[in-house]
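K.L.:
generate coordinates for the sequence data below:
(2 chains)
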Amino acid sequence: DAKTTQPNSMESNEEEPVHLPCNHSTISGTDYIHWYRQLPSQGPEYVIHGLTSNVNNRMASLAIAEDRKSSTLILHRATLRDAAVYYCILQEEGNEKLTFGTGTRLTIIP
Amino acid sequence: GAGVSQSPSNKVTEKGKDVELRCDPISGHTALYWYRQSLGQGLEFLIYFQGNSAPDKSGLPSDRFSAERTGGSVSTLTIQRTQQEDSAVYLCASSSPMWVDTDTQYFGPGTRLTVL
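P.N.:
Reported below is the predicted structural model:
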């Protein structure tokens, strides 16, 4: 399975943008890049996904490097409710199960 | 609409007892997944059902673990002769077919299992 590497933890001030990095140097051409987050005492929730082009939705933006070996999840204006563990996951084509790593624990400072 | 639901939310059992955990997926979702999350760890894949196909059981840690999905909807994860190392949060997720929604998984709140 292609692996991802994320920092164990990050901190950000409330109301400021947050950039969460993810390295995936062994990504294959058909792997999708997914981001999920897990708030305290809850199941994970989908945030965003992409293949090659940058993506935006109501929750976040996903910036994918041109060589696809890294990506960055961007929260444009962090709130206290964004404090969670963020998982960057590669989903292989035709393989529906997700392989979660340990993710990045994001702390938001009021 | 209703999300994925799981029951019970908490289960405390004694070592050696059998337990059943239930998952109700989102209506119309053809795929159903079970994961477990030990304290402070990431999610570990257990088993995956897709429509009428044979389930992918590659993540089940031992033959004490089994799962069924009846009528393509509700699923039950059974753990026989529970051990203390089975203590974890068991999470269920469901998804539409990949050609509908690029396989976004929707997770339930989980069942916290404690084996004494």
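K.L.:
nearest to chain A: which residue in chain B?
P.N.:
residue B:107 (3.3 Å; Cβ to the nearest Cβ). Where you see a C-beta, it was placed from the backbone N, CA and C, and this is true even at glycine.
K.L.:
residues near the closest residue to residue B:73 other than its chain neighbours, how many?
P.N.:
Among residues not flanking residue B:73 along the chain, residue B:25 sits closest, at 6.6 Å (Cβ to Cβ, 6 or more residues apart in numbering or on different chains). By the criterion of other Cβ atoms under 10 Å in any protein chain shown, residue B:25 has 27 neighbours.
K.L.:
for the helix or strand harbouring residue B:45, packing partners?
P.N.:
Assigning secondary structure by DSSP states H and E places residue B:45 in strand B:43-50. If you count contacts as 3 or more Cβ pairs under 8 Å, 6 or more residues apart in numbering or on different chains; DSSP states H and E, strand B:43-50 packs onto strand B:31-37, strand B:65-69, strand B:75-79.
K.L.:
could you check which residue of chain A lies nearest chain B?
P.N.:
For chain A, Cβ to the nearest Cβ, closest residue to chain B: residue A:43, 3.3 Å.
K.L.:
quick check, that residue in a strand?
P.N.:
No. Counting by DSSP: H, G, I helix; E, B strand; the rest coil, residue A:43 is not part of a strand but coil.
K.L.:
I'd like to know how many residues surround the closest residue to it other than its chain neighbours.
P.N.:
With sequence-adjacent residues excluded and distances taken as Cβ to Cβ, 6+ apart, residue A:43 is closest to residue B:107, at 3.3 Å. Applying other Cβ under 10 Å, we find 22 residues neighbouring residue B:107.
K.L.:
ok, what's across the strand from residue B:107?
P.N.:
residue B:93 (DSSP bridges).
K.L.:
and it, what does it touch?
P.N.:
Residues in contact with residue B:107 (Cβ atoms under 8 Å, 6 or more residues apart in numbering or on different chains) are A:43-45, B:4, B:91-93.
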